[in-house]
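J.: dropping a prediction and its sequence here:
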Amino acid sequence: MFIFDKHMFITLCIGLIGAVVFQFFHIPMPWLLGAITAVLIVQLSTNVQLKWHHAFRNFGLVVAGYSIGYAFTPEAVQDIKLFLGSMVVLNIIFILLFFAVSFLVAKRTDLDFATALTCCVPGGMSQVVAFAEEQQEMDMVVITFFQILRVLLIVGFVPLMVAGAGGNSSMIDGTYTWNLVGILVVCGGAGWLAQKLKIPTGYVLGPVFLLMGVNMAGIDVPKLPLSLLHIAQLMLGIYIGLLLKKEDLHLSKKHIFYAFVSAGIFIGAAYGLTFVMAALYSLDFRTSFLSIVPGGLDQMGIIAASVHANVTIVTAFQLFRVLVVSIFLVPVVKIFVKKVKT
């Protein structure tokens, strides 16, 4: 049962303070990055008990899904066809890079290749961690640290990298109406159903697919108020900030170092490929980089909406990556682990 206790209130206040401080100093995406930073600092440097209910995170994901789905107009969906070839090529590149990075981590640390593969899967953190929990022999602390660190680095640095990179800086603000509230409730139901059906990032994709269908039917949906997008960023920022715990820092220096190295290689490769993508399709840097970098669909979608990138293109690329990770990479890792056991 959901009870909003004092620990959640303290956690909310810490996240809010971080957001306000970042806003004061004009740091990009203060409601997301400020909340992550403040919660992370308190979590790692004090004994204050922080707590956050998954319902708050799910609310943030539903709002992110609404924002993404809103951008999927019939015209935008038609434009996505132009990028299918690049989606395939980019994912092949990242799959090859994934195996190379995994081999490097296994070679330079005391991890076996199966564990290194699980550590280095570029995306699908929740699926990878859930799979690792089923394996008795795998080091859960190391795998969780690798996956969480990649998410933190991407969500922490990507907004700073794309904040000043061209693009349209204007954004139309929506208004709060009962129509908006009703659609958000329906989107929440769609997200819950998608999650029950085991669809990856269901609380994001449920609203996305729902609003895509509504847009295709030619029905107008209200624009999200910017303040609601900020609240969603705060909800997600606090959740992400709580992912890394004190006990995760008790790893060997070698594991921590190569966790940074592996994440850095993926981000660096995405940065280099961004210029190729931008040149091929005349896209702005924000859209290209957010499309390529191996972050989560939910985080990249809400960052794209916040920095005024082309949300449709970013989501299409990230959704394609989610499908590749879920349908191909995670099953391949599972098969490899089973073969190692036998």
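T.: Sure thing, it's come through.

J.: could I get the full set of strands for the chain?
T.: Counting by DSSP state E, no segments of the chain form strands.

J.: point out where it drops to low pLDDT.
T.: Scanning the chain for pLDDT under 70 picks out the ranges 1-2, 135-137, 164-173, 340-342.

J.: determine the longest helix present in it.
T.: For the chain, the longest helix by residue count, based on DSSP state H, is helix 253-281.

J.: mind listing what's buried in it?
T.: 255-256, 258-259, 262-263, 265-267, 269-271, 273-274, 277-278 (16 or more other Cβ atoms under 10 Å). Backbone N, C-alpha and C define where each C-beta goes, glycine included.

J.: just stretch 43-61 next, same as before
T.: For stretch 43-61, by 16+ other Cβ under 10 Å, it's 43, 50, 52-53, 56-61.

J.: now the end-to-end length of that stretch.
T.: 23 Å (Cα to Cα, to the nearest Å).

J.: same deal with stretch 246-256?
T.: Stretch 246-256 end-to-end distance (Cα to Cα) = 13 Å.

J.: got a list of contacts for it?
T.: 43-44, 108-111, 141-142, 144-145, 148 (Cβ atoms under 8 Å, 6 or more residues apart in numbering).

J.: quick one: distance of that stretch to the chain centre.
T.: Relative to the mean C-alpha coordinate of its chain, stretch 246-256 is positioned 23 Å out (Cα atoms, centre = their mean, to the nearest Å).

J.: cool, stretch 232-248 as well?
T.: For stretch 232-248, the distance to the chain centre is 12 Å (Cα atoms, centre = their mean).

J.: next, the buried residues of it.
T.: Buried, per 16+ other Cβ under 10 Å, within stretch 232-248: 232-244, 248.

J.: CSV for these, including distance to residue 69?
T.: Below are those laid out as CSV (distance: Cβ to Cβ, whole Å):
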residue, distance to residue 69
232, 14
233, 17
234, 21
235, 18
236, 17
237, 21
238, 24
239, 21
240, 22
241, 26
242, 27
243, 26
244, 30
248, 34
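
J.: from those, pick the one nearest residue 298.
T.: residue 236 (7.2 Å; Cβ to Cβ).

J.: which residue, other than its chain neighbours, is closest to the closest one?
T.: residue 60 (4.0 Å; Cβ to Cβ, 6 or more residues apart in numbering).

J.: hmm, that neighbour is touching residue 239, no?
T.: Yes: using Cβ atoms under 8 Å, residue 60 is in contact with residue 239, at 7.3 Å.

J.: closest to residue 184 out of the buried residues of stretch 232-248?
T.: Out of those, the member with the shortest distance to residue 184 (by Cβ to Cβ) is residue 232, at 10.6 Å.

J.: residues making contact with stretch 121-138?
T.: Counting by Cβ under 8 Å, 6+ apart, 94, 97-98, 114-115, 118, 140, 143-144, 147-148, 150-151, 200-201, 266, 294-296, 321-322, 325-326, 329-330, 333-334, 337, 341 sit against stretch 121-138.

J.: narrow those to those that are buried.
T.: Buried among the contacts of stretch 121-138 (16+ other Cβ under 10 Å): 94, 97-98, 114-115, 118, 143-144, 147-148, 150-151, 200-201, 266, 294-296, 321-322, 325-326, 329-330, 333-334, 337.

J.: which stretches of the stretch 201-342 of the chain form helices?
T.: Taking DSSP state H, counting those that start in this stretch to define them, one finds helices in the stretch 201-342 of the chain at 202-216, 226-241, 253-281, 285-292, 297-306, 311-324, 330-341.

J.: quick one, which of these gets closest to residue 21.
T.: helix 226-241 (12.8 Å).

J.: got the angle between the closest one and helix 297-306?
T.: Helix 226-241 runs at 140 degrees relative to helix 297-306, counting by axes from the mean of the first three to the mean of the last three Cα atoms, to 10 degrees.

J.: give me the helices and strands touching helix 226-241, please.
T.: helix 6-24, helix 30-45, helix 54-70, helix 140-162, helix 297-306 (3 or more Cβ pairs under 8 Å, 6 or more residues apart in numbering; DSSP states H and E).

J.: for it, C-alpha coordinates in CSV please.
T.: Provided in CSV are the C-alpha atoms of helix 226-241 (Å, rounded to 0.1, in the frame of the first residue of the first chain):
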residue,chain,number,x,y,z
LEU,A,226,6.0,22.9,-19.3
SER,A,227,5.5,22.8,-15.5
LEU,A,228,4.1,19.3,-15.8
LEU,A,229,7.2,18.3,-17.8
HIS,A,230,9.4,19.7,-15.0
ILE,A,231,7.5,17.7,-12.4
ALA,A,232,8.0,14.6,-14.5
GLN,A,233,11.8,15.4,-14.7
LEU,A,234,11.9,15.8,-10.9
MET,A,235,10.1,12.5,-10.3
LEU,A,236,12.5,10.7,-12.6
GLY,A,237,15.6,12.6,-11.4
ILE,A,238,15.0,11.5,-7.8
TYR,A,239,14.5,7.9,-8.9
ILE,A,240,17.7,7.9,-10.9
GLY,A,241,19.7,9.6,-8.1
